[in-house]
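Asker: Predicted model and sequence below, questions to follow.
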Amino acid sequence: MGKLKIEDLDKISESVRKRISLREGAGKVKITVHMGTCGIAAGARNVMTAFLNEIEIHNAKDIIVVTSGCAGLCSKEPMVTIEYENQAPVKYIELNEEKVKKIFDEHVLHGKIVPEYALSIGSERIQ
Amino acid sequence: MKNYRLQLMVCAGTACVSNHSLEIKEALEREIKNHNLENEAQVVQTGCNGFCGAGPILVVQPDGIFYQLLKVTDVKQIVEEHLIKGRPVKKLLYTPPEEKTPIPKLSDIPFFAEQTLIALRNRGLIDPENIDDYIARGGYKALAKVLTSMTPDEVLNEIKISGLRGRGGGGFPTGVKWESCKKAHGDEKYVICNADEGDPGAFMDRSIIEGDPHSVIEGMIIGAYAIENVKQGYIYVRMEYPLAIKRFQIAINQAREYGLLGQNIFDKGFDFDIEIRRGAGAFVCGESTALMASIEGKPGEPRAKYIHTVEKGLWDKPTCLNNVETWANVPQIILRGGKWFASIGTGDVSEDPWGGSKGTKVFSLAGKVNNTGLVEVPMGITLRDIIFRIGGGIRDGKKFKAVQTGGPSGGFIPESLIDLPVDYEELTKVGSMMGSGGMVVTDEDNCMVDMAKYFLAFTQAESCGKCIPCREGTKRMLDILEKITAGQGTEEDLVLLEELSNAIVESSLCALGGSAPNPVLTTLKYFRDEYEAHVKDKKCPAHICRQLNTYKINEKICLEIGHGCDVCKKYCPDGAIIGERKKVHYIDPAKCGKCGACYDVCNFNAIYIE
Ligand SMILES: Cc1cc2nc3c(=O)[nH]c(=O)nc-3n(C[C@H](O)[C@H](O)[C@H](O)COP(=O)(O)O)c2cc1C
Ligand code: SF4
Ligand code: SF4
Ligand code: SF4
C-alpha cells in the first residue's frame, strides 16, 4: 500500500480487526467449545471447525472462538456456550454441523437464540 | 486473511529473547505444524510484557492464559493439552509467592491487574514490526484528528490541559516547553526524542520502543505540528540498544511508506521526517545540552544553560527535547482529551503547570521484590502499593528497608515513608525524585552505606569532568565512603560528607552533579544509625562491609555437623584457620584478613559473623 489517506486508517483497522480483537479477548460474540475428552470423543473438534468455517464464509468480524474443558454434562456433548454482547450466555447441546449452521445464522450473527437446541440460558458463576 | 481461533503471543523483549524466547517461538510453530493446527493457531511476537522476572512468557489469546518461565521442552505439552484439548497446563502457570493455586489469566495476576496502561497500552498486544497492528489499535488516529480538525494552538492547549510533565527526569511541564519553543524566533526548529536511557538497570524507554515504536513517532509528529516550523526530528538512542534501534528503523520506514512521515502528510500540506542518531554511550549524553552536542558530532558534554535549548538548541536552532515516554503519551492525550489525562493523578494543574502530577508513570521495579519488571501505575499511587501489591512484597519473606526512586542519583526512602504517594513534588520533598522511573528495593540484608557508595561510584565514574565540584567533589566523597566501609571512618567524616554533598549540589553545572549526592544525603538522613555503627562501633549491622566483620566458628556445629570438614582452611588466603580434619577449627583473628571466603564456603553454616 502506498501513501495513506485518512479513510485508509479505518480500512486497515477493519481488515486487521479480527486478529486484534482476538488478542483483546473482546469480541461481540464469544463461542466456547467444550473440549474435554468426552467432548472430543463426541465430535467437538468437528463442531469447532464448523464454527470456524461459518466465520470464514460470512467473513464475520468480532467473533472469538475459545475452547475450554468439559462442561460437566458429558452425555449431552458436543456442547458450546454462546455469549452474545449484552446477553446472557446460552448453552447448546448435542450439536452437529447442521445445527451449527442454524445457530450461527440466527444467534451468532443476529443475536436470536435458537431455543430448540438450547439447554439453558444463563450460566453458573465461577468463583 | 485466515481465521485463527488462537493467537500465541510470545514476548520478544530483550530480557525474554536472551532467555531463548525466539527458540520457544520456533518450537511452537513446529509443533503447531506437526498437529496440523496452522490454520487455527498463529504465533505472534510482541514487545516486552513487563513481567521480566517471569520470562520467557507466552500469553495465549483470546483467553489471556499466561505461561511463564518456559522452556523449549514445555512447548509440546502446551500444544497438545491447551491448544488441542483446551486445558491450560497448570504447572506452567503463575503462582503467587506463598500461595498454592496458580492464576491462569494474565488479567487476574496482581502484577498486571493493578496497573494502568497509557504509555504501554499496546504492550503484548501488537507486533511492533507491523504498522497495521498499531493502526488497528487506534494508531495514527490522533494524528488524523490533529491534521483535520485542530490548529497547532489547539493541540498545544490540549497538552497544557493534560498537565503532562517530562518523564525523562526533571518533570518539566511539556506544554510549557512546547510553548517556549513555539514562541522562540526562527523558521527552522527541531524536535528530539531522548532514548539515551543511561540509568543502570532501567529499561522503561527501551521497552516502549521495542514494544510500540509508532506511539513515539506519532507523538513526535503531533509535537512538530503543534510547535510549527519543525520539519525534522531526531531520535537519540543508546548505542547499547540494537533491538530498539532496529524496531525504530522498521517503524520509520513503514511510516514513510504510508506517507505518515515525509512530505504532505495526509495531503494536509504538513511535512515532517525523523532520523535516528546513535548515542555515544556515556550517561551524561542523556543530558539535554550534551545530547545536542553529541548529535552535532561534538563531544557529549553539558554546557551552561544561560540560554535555554528551546531557544538555542541543536545547531543553535530552537529545539524541543522530550523523553520517549513523554512522547508516547501524546497520541492518547489528543484522542481522549487533556481533561481525561488530568483526571488521573494528583494535584491541580489548571492554574499552575507544576501544581500536580498527572497521568501514569512507568517504573522498572528491581532489587529485592518478588516480581521484578516493568510497571505502569497512576501518579499518586503509594510506594507501598507498588512494592507490596504489584511487586508482591519482599523476596524470601525478608523485611523491607528502603526504596530508591529516580535512578542512580535518586534518594533512598525509608519504611516510615512507604505510604508516600508517587508524585514529583512529594518525592523531591523527601530528598529523592521521580527521575526517569528507576525503583530499587532494598531489604534488611542491604547496608545503606554500601548502597550509597555503590551509586555514588556510578555517577562519579560518569562525571564528564568539566566542572570541579562534580569531578573532584564526588571523588572526595567516594574516598570517604571507602574509608567508612573499611572501618576507618570518623565522626568528622560524616560532617564532611554532608558539607561536600551540599556544595556539589549547589555548584555543579548540570544535573548529574546536582543530584549525584542524593543517595548519600538521604541515607545520612534516614539511616544515620548505620553510618554511626560503621564509624563508632566499627560494625556493619547488615554484615555487608566485610572489613568490619569478625568471623568466628561455632565449635559445636563445626565438630558435630561438619565433622571438621577442613574445607574452609583450603580457601583461606591468609592461613588464619587452625584445625585439622575431624577436629574443631578456629580462626586466628590476628591473621584473618576478613575476606569472608570461609563464611561463603562452609556448607554447614558453622561460620558466623559476630
Ligand atoms: C546526567 C543526565 C542524564 C540524563 N539522561 C536522560 C536520559 O537518559 N533520558 C531522558 O529522557 N532524559 C535524561 N536526562 C534529562 C534530560 O536532560 C531532559 O531533561 C529530558 O530528556 C527532557 O525530556 P522530558 O521533559 O520529556 O523529560 C538526563 C539528565 C541528566 C542531567
Ligand atoms: S556536573 Fe559533572 S557531569 Fe555535569 S558538567 Fe559538571 S562535571 Fe560534567
Ligand atoms: S568448613 Fe565449616 S564445618 Fe568445615 S571445618 Fe570449616 S568451619 Fe568446620
Ligand atoms: S575471613 Fe578470609 S582470611 Fe579470615 S579466616 Fe576466613 S578465609 Fe581466612
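Answerer: Nice, I can see it. Ligands and ions are numbered 1, 2, ... in the order given.
Asker: show me where the stretch 1-150 of chain B has helices.
Answerer: If DSSP state H, counting those that start in this stretch is used as the criterion, the helices of the stretch 1-150 of chain B fall at B:14-18, B:21-34, B:75-77, B:85, B:110-113, B:131-136, B:141-149.
Asker: List the buried residues for the third one?
Answerer: Of the residues in helix B:75-77, those buried under the neighbour-count criterion (16 or more other CB atoms under 10 Å in any protein chain shown) are residue B:75. Yep, even glycine has a C-beta here, placed from its N, CA and C like the rest.
Asker: From the chain's centroid, how far away is the following helix or strand past it?
Answerer: Next helix or strand after helix B:75-77 toward the C-terminus (DSSP states H and E): helix B:85. Offset of helix B:85 from its chain centre (CA atoms, centre = their mean, to the nearest Å): 39 Å.
Asker: I'd like the mean pLDDT over helix B:85, please.
Answerer: Helix B:85 shows a mean pLDDT of 78.
Asker: for stretch B:102-111, same thing?
Answerer: 81.
Asker: ditto for stretch A:3-10
Answerer: pLDDT averaged over stretch A:3-10 gives 88.
Asker: distance of residue B:430 from residue B:455?
Answerer: Counting by CB to CB, to the nearest Å, the gap from residue B:430 to residue B:455 is 17 Å.
Asker: Who has more neighbours out of these two?
Answerer: More crowded of residue B:430 and residue B:455, by other CB atoms under 10 Å in any protein chain shown: residue B:455, with 23 against 17.
Asker: Lowest-scoring secondary structure element of chain A by mean pLDDT?
Answerer: When the helices and strands of chain A are compared on mean pLDDT, DSSP states H and E, helix A:37-41 comes out lowest with a mean of 59.
Asker: Sketch out the low-pLDDT regions of chain A for me.
Answerer: A:1, A:18-19, A:22, A:24-26, A:36-42, A:69-76, A:120-127 (pLDDT under 70).
Asker: longest single helix anywhere in it?
Answerer: helix A:6-24 (DSSP state H).
Asker: tell me the angle of that helix relative to helix B:141-149?
Answerer: Angle of helix A:6-24 versus helix B:141-149, following axes from the mean of the first three to the mean of the last three CA atoms, to 10 degrees, is 160 degrees.
Asker: C-terminal to helix A:6-24, what's the next element?
Answerer: That would be, after helix A:6-24 and using DSSP H and E, strand A:29-34.
Asker: That following strand vs chain B: in contact?
Answerer: Yes: using CB under 8 Å from any CB of the partner chain, strand A:29-34 reaches chain B at A:30, A:33, A:34.
Asker: my read: the last one touches residue A:68, true?
Answerer: Translated: residue A:34. Yes: applying CB atoms under 8 Å as the test, residue A:34 and residue A:68 come out as touching, 5.9 Å apart.
Asker: Need the overlap of contacts for these two.
Answerer: Counting by CB atoms under 8 Å, 6 or more residues apart in numbering or on different chains, the residues touching both residue A:34 and residue A:68 are residue B:86.
Asker: of the two, who's got more company?
Answerer: Applying other CB under 10 Å to residue A:34 and residue A:68 shows that residue A:34 carries more neighbours, namely 28 against 18.
Asker: Within the helices and strands, which one has residue B:234?
Answerer: Assigned by DSSP H and E, residue B:234 falls in strand B:230-237.
Asker: Let me know the average pLDDT across that strand.
Answerer: When pLDDT is averaged over strand B:230-237, the result is 97.
Asker: CA atoms only: put the helix or strand that comes right after it into CSV for me.
Answerer: Next helix or strand after strand B:230-237 toward the C-terminus (DSSP H and E): helix B:242-257. Provided in CSV are the C-alpha atoms of helix B:242-257 (Å, rounded to 0.1, in the frame of the first residue of the first chain):
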residue,chain,number,x,y,z
PRO,B,242,20.4,-2.7,19.0
LEU,B,243,16.9,-4.2,19.0
ALA,B,244,15.3,-0.8,19.8
ILE,B,245,17.3,0.8,17.0
LYS,B,246,16.2,-1.9,14.6
ARG,B,247,12.5,-1.6,15.6
PHE,B,248,12.6,2.2,15.3
GLN,B,249,14.1,2.0,11.9
ILE,B,250,11.5,-0.5,10.7
ALA,B,251,8.8,1.7,12.2
ILE,B,252,10.1,4.8,10.5
ASN,B,253,10.4,3.0,7.1
GLN,B,254,6.8,1.8,7.4
ALA,B,255,5.5,5.2,8.4
ARG,B,256,7.3,6.7,5.4
GLU,B,257,5.9,4.1,3.1
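Asker: any residue of helix B:242-257 up close to ligand 1?
Answerer: No: using CB under 6 Å from any ligand atom, helix B:242-257 stays clear of ligand 1, coming no nearer than 12.7 Å.
Asker: Helix, strand, or coil at the nearest residue to residue A:31 once chain neighbours are set aside?
Answerer: Nearest non-adjacent residue to residue A:31, counting by CB to CB, 6 or more residues apart in numbering or on different chains: residue A:65, 4.8 Å away. Secondary structure assignment for residue A:65 (DSSP: H, G, I helix; E, B strand; the rest coil): strand.
Asker: Next, count neighbours for residue 117.
Answerer: Because you didn't say which chain, this covers chain A. As a measure of burial, residue A:117 has 19 neighbours, counting by other CB under 10 Å.
Asker: my bad, the chain I had in mind was chain B
Answerer: By other CB under 10 Å, neighbour count at residue B:117 equals 18.
Asker: how near is it to residue B:293?
Answerer: From residue B:117 to residue B:293 the distance is 35 Å (CB to CB).
Asker: try residue B:406
Answerer: Residue B:406 is 24 Å from residue B:293, by CB to CB.
Asker: Residue B:123 now?
Answerer: 33 Å.
Asker: How about residue B:23?
Answerer: Distance from residue B:23 to residue B:293, by CB to CB: 42 Å.
Asker: on that earlier part again, what helices and strands are in contact with the strand holding residue B:234?
Answerer: Where contact means 3 or more CB pairs under 8 Å, 6 or more residues apart in numbering or on different chains; DSSP states H and E, strand B:230-237 is packed against strand B:189-195, helix B:213-227, helix B:242-257, strand B:273-278, helix B:288-295.
Asker: Identify the residues contacting the residue positioned nearest the centre of chain A.
Answerer: Nearest to the geometric centre of chain A sits residue A:31, at 2.5 Å (CA atoms, centre = their mean). Listed by CB under 8 Å, 6+ apart, the contact set of residue A:31 reads A:51, A:63, A:64, A:65, A:66, A:80, A:81, A:82, A:83, A:108.
Asker: out of these, who has the most neighbours?
Answerer: Result: residue A:80 is most packed of those (other CB under 10 Å), 28 neighbours.
Asker: you'd agree that residue is up against residue A:92?
Answerer: Yes: Residue A:80 lies in contact with residue A:92 (CB under 8 Å); the separation is 5.4 Å.
Asker: which neighbours do those two share?
Answerer: Counting by CB under 8 Å, 6+ apart, the contacts common to residue A:80 and residue A:92 are residue A:103.
Asker: okay, the residue nearest the centre of chain B: pLDDT?
Answerer: In chain B, the C-alpha closest to the average C-alpha coordinate belongs to residue B:202, at a distance of 2.8 Å (CA atoms, centre = their mean). At residue B:202, the model reports a pLDDT of 84.
Asker: Three-state assignment for it, please.
Answerer: Applying three-state DSSP: residue B:202 is coil.
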